[in-house]
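Chemist: A structural model of the following input is requested.
(one chain, ligands or ions: 1)
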Amino acid sequence: MNRVQVFVLDENILQTLLKTIILAGALSITWHYVYLLYFHPLAKFPGPRVAAVSNIWYTYSWLSGRYPWETEKVLKTYGDVVRIAPNELLFFTPEAFADIYSAHFKNHETFQKTNLNNRGGKHGGILFEQDPVRHRHVAKQVAPAFSPKSTRAKEPRVQKYIDAFVSKMRTHGSSGVDASKWCNWLAMDISADMAYNHEMHQMRDMKNSPFLDVLLGFNAYTTIEQVSKRFPILGKLKYMFIPFSRIQSMKAMNKTSREELQRRIEKKGDTENLDFFEQLVPSGRTIPSDPDEFRHLEQVATQLLFAGFEPISSWIYSTLFQLAKHPSCLGILTAEIRNAFDHYDDISSTALAKLEYLNACLEETLRLLPSNNTGLPRVSPGATVDKTYVPPGVTVQTSMFATTRSARYFRDPSHFDPRRWLNKQHPLYDSKFSTDRLSDVLPFSQGPRQCPGKNIAWMQVRLFVGMVLWTFDISQAPGTKLDFERDFITYGFWVKPELMVNFIERQKDS
Ligand code: HEM
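Modeler: This next block holds a predicted model:
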């Protein structure tokens, strides 16, 4: 009898307890949302309502592959500062860009990197390193590899690869080739050589190396990884989104990477060309026995390989895309290059640097298609960004994509028009572009974490365009109707749609 009574009592208590828990939960969730909407330090900033209370806007925008367009849209709708996640602000103006990325103390950035894009865990290497002191150390170590002298020394090697591209186009180019593949092969062949003296032979074999296959296959996954960092519990399920075969190939790639590194370290100074690696482990130094140090080197080497590959591949691809779409610009540029050099072998990056229209076309391509679309997120130390105080701990980011396509700063912003970059003295100069904010186009970023590869990139891309247009009349293959606004998407990097281009060897006296 007594036992039954106890049971009834327990059930009542249990029900009450359950109701209390549910009510408390509902109240605490409601309070959490009310707090985020009305009392959070960022409550006063405009933005999509859903973004103020969750990471849903951010996640959807990234997973759709249209993040740059989504940031552009919210900046147009809500103004120059938009709350895009509960603790995150997106800024629009060039002034904000300068405040965030240039701010430093003794060359250590004051707006530090977040871990959102860090794919190296505690080993940030150089690109992902969050700690400014550790970053400075490794940046100083590799800096000599990016000096003007080292850049010049790399030129013959780069020419050798572009020669190989030209030779392949003589055989295969006249009936049209897919530029998305060839740009990847060329850029990665060069980058692997520059990073650690490794010949990948993708152009020779006309197929992706296993490394490139894995990299391309993981493009969308890198987005899942960075987005999942915003959902500590759900994020643990991220591996469900990757097919098992991909995980296996990733493991195989990491293994190859390690072996490659070991091979390169053992070679020490005994390499044909000076590569980036020589800076990290100079000939006299012993191989690191500490696994942590080895892992760090592995990160840096992989990042140098990737950083030297993807933006170059995208830049040459998008230059071909823009030129093939704008035959009048292509005609002017081709004439400029052919008038400047009597012989193919005369072409050098120093001579190409003087060609105004070439530089204008390349700048214009980067303005419309910047290769880095992560928003370059940073953590505020508690500082003013373009006259707006941002409390400490808040993540801030920018959208170079939105800024450089804005009518506020550029005339006919979405038109590819290299004339805007020309000097007043140039015969094609048009004063309608005189108010364009050209110096605010900063695809290589600025400040302590800006791209150290800028000069190497310019050298490679100038050589590519110079040597290719000197040799070939190029055109978009018939039937190719690629539309940038419609057909492009980006995750960790741009997914390049098929772009069929004809490379027809020029007639002798054209
Ligand atoms: C079109 C060509 C390129 C563009 C537009 C570009 C752009 C950028 C940008 C925007 C950053 C800053 C990333 C951030 O703050 O999170 C960066 C960093 C970096 N880039 Fe480039 N890059 C290019 C080519 C290269 C090349 C050829 C290399 C040579 C290996 C290179 C090596 C690096 C490295 C090592 C970093 C990390 C710098 C640091 O954190 O100290 N980049 N790049």
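
Chemist: starting at the chain centroid, how far to stretch 146-165?
Modeler: Mean C-alpha position of stretch 146-165 versus that of the full chain (CA atoms, centre = their mean, to the nearest Å) differs by 22 Å.

Chemist: meant to ask about stretch 386-406
Modeler: Centroid displacement of stretch 386-406 relative to its chain, using CA atoms, centre = their mean, is 18 Å.

Chemist: can you check stretch 444-461 too?
Modeler: With CA atoms, centre = their mean, you get 12 Å for stretch 444-461.

Chemist: Provide the contact partners of that stretch at residue level.
Modeler: Residues from elsewhere that reach stretch 444-461, judged by CB atoms under 8 Å, 6 or more residues apart in numbering: 97-98, 101-104, 107-109, 113, 132, 135-136, 139, 142-143, 146, 148, 151, 154-155, 158, 190, 194, 307-308, 311-312, 315-316, 319, 349, 353, 362, 372, 376. Just so you know, the C-beta spots here come from the backbone N, C-alpha and C atoms, and that holds for glycine as well.

Chemist: cutoff 7 Å now
Modeler: With CB atoms under 7 Å, 6 or more residues apart in numbering as the test, stretch 444-461 has contacts from 98, 101-102, 104, 107-109, 143, 146, 148, 151, 154-155, 158, 190, 307-308, 311-312, 315-316, 349, 362, 376.

Chemist: Give me the buried entries from the residues you listed.
Modeler: Neighbour-count burial within the contacts of stretch 444-461 applies to 98, 101, 109, 146, 151, 154-155, 158, 190, 307-308, 311-312, 315-316, 349, 362, 376; the criterion is 16 or more other CB atoms under 10 Å.

Chemist: Now do the same for the residue in the chain positioned nearest to the ligand: its pLDDT.
Modeler: Proximity of the chain to the ligand (CB to the nearest ligand atom) peaks at G453, 2.2 Å away. Per-residue confidence (pLDDT) for G453: 96.

Chemist: which residues touch P232?
Modeler: If you count contacts by CB under 7 Å, 6+ apart, P232 has none.

Chemist: Can you pull the phi and psi angles for it?
Modeler: phi -50, psi -40 (degrees, to the nearest 10).

Chemist: for L376, same thing?
Modeler: phi 40, psi 60.

Chemist: For burial, what's the neighbour tally of the residue of the chain closest to the ligand?
Modeler: 23 (other CB atoms under 10 Å).

Chemist: what helix or strand is V501 on?
Modeler: strand 500-505 (DSSP states H and E).

Chemist: Mean confidence (pLDDT) on that strand, please.
Modeler: Per-region confidence: strand 500-505 scores 97 on mean pLDDT.

Chemist: Next step: the contacts of stretch 444-461 restricted to helices.
Modeler: 98, 101-102, 148, 151, 154-155, 158, 190, 307-308, 311-312, 315-316, 349, 362 (DSSP state H).

Chemist: F493 touches A220, doesn't it?
Modeler: No: counting by CB atoms under 7 Å, F493 stays clear of A220, with 10.5 Å between them.

Chemist: low-confidence ranges in this protein?
Modeler: 1-9, 118-121, 234-243, 245-246, 249, 268-274, 282-285, 287, 509-510 (pLDDT under 70).

Chemist: Need phi/psi at the closest residue in space to R506 that isn't next to it in sequence.
Modeler: Nearest in space to R506, with sequence neighbours left out and distances taken as CB to CB, 6 or more residues apart in numbering, is D473 at 5.5 Å. D473 adopts backbone torsions of phi -90, psi 120, taken as degrees, to the nearest 10.

Chemist: now do the one 3 residues further on
Modeler: The phi/psi pair for Q476 (degrees, to the nearest 10) reads phi -70, psi 130.

Chemist: neighbours around the spatially closest residue to it that is not a sequence neighbour, how many?
Modeler: Leaving aside its chain neighbours, Q476 sits nearest to A324 (3.7 Å; criterion: CB to CB, 6+ apart). A total of 20 residues lie near A324 under the criterion other CB under 10 Å.

Chemist: And the one 4 residues further on, by the same measure?
Modeler: Look at S328: counted by other CB under 10 Å, it has 7 neighbours.

Chemist: And it, how close does it get to P418?
Modeler: 10 Å (CB to CB, to the nearest Å).

Chemist: for the closest residue to R405 other than its chain neighbours, what are its contacts?
Modeler: In this structure, R405 finds its nearest non-sequential neighbour in P413, 5.0 Å apart by CB to CB, 6+ apart. The neighbourhood of P413, defined by CB under 7 Å, 6+ apart, consists of R405, S406, A407.

Chemist: what about the second one, neighbour count?
Modeler: Here the count is done by other CB under 10 Å, and S406 has 19 residues near it.

Chemist: which SS state does it fall under?
Modeler: Here S406 is recorded as coil under DSSP: H, G, I helix; E, B strand; the rest coil.

Chemist: Distance-wise, check the closest residue to R378 other than its chain neighbours relative to V82.
Modeler: Leaving aside its chain neighbours, R378 sits nearest to F111 (3.8 Å; criterion: CB to CB, 6+ apart). As for F111, its distance to V82 is 18 Å (criterion: CB to CB).

Chemist: Burial check on C183, number of neighbours?
Modeler: The number of residues near C183, taken as other CB under 10 Å, comes to 25.

Chemist: can you narrow the buried ones among the contacts of stretch 444-461 to ones near the ligand?
Modeler: Near the ligand, judged by CB under 6 Å from any ligand atom, the entries from these are A307, G308, P311, I312, W315, L376.

Chemist: any chance of these in a markdown table, with distance to S174 too?
Modeler: Shown next, in a markdown table, are those (distance: CB to CB, whole Å):
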| residue | distance to S174 |
| --- | --- |
| A307 | 34 |
| G308 | 30 |
| P311 | 29 |
| I312 | 25 |
| W315 | 25 |
| L376 | 42 |
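
Chemist: buried residues in the helix or strand Q303 falls within?
Modeler: Counting by DSSP H and E, the element that carries Q303 is helix 291-325. By neighbour count with 16+ other CB under 10 Å, helix 291-325 contains the buried residues 294-325.

Chemist: Also stretch 205-217?
Modeler: For stretch 205-217, by 16+ other CB under 10 Å, it's N208, S209, F211, L212, V214, L215, G217.

Chemist: what's the closest non-adjacent residue to the second one?
Modeler: In this structure, S209 finds its nearest non-sequential neighbour in M200, 4.7 Å apart by CB to CB, 6+ apart.

Chemist: how deep is the one you found tucked in, by neighbour count?
Modeler: The number of residues packed near M200 is 20, by other CB under 10 Å.

Chemist: Just confirm it is within a strand.
Modeler: No: using three-state DSSP, the assignment for M200 is coil, not a strand.

Chemist: From R263, how far off is the closest residue to A195 other than its chain neighbours?
Modeler: With sequence-adjacent residues excluded and distances taken as CB to CB, 6+ apart, A195 is closest to L305, at 4.2 Å. The span separating L305 from R263 equals 14 Å under the rule CB to CB.

Chemist: likewise I13?
Modeler: Taking CB to CB, one finds I13 at 69 Å from R263.

Chemist: can you check P443 too?
Modeler: Using CB to CB, one gets 34 Å for the distance from P443 to R263.

Chemist: Who has more neighbours out of the two?
Modeler: Counted by other CB under 10 Å, P443 and R263 do not tie: P443 has more neighbours, with 19 against 12.

Chemist: was I right about the more buried one contacting L366?
Modeler: Yes: the pair P443 / L366 is scored as a contact, 4.4 Å apart, by CB under 7 Å.

Chemist: Thank you kindly, that will do.
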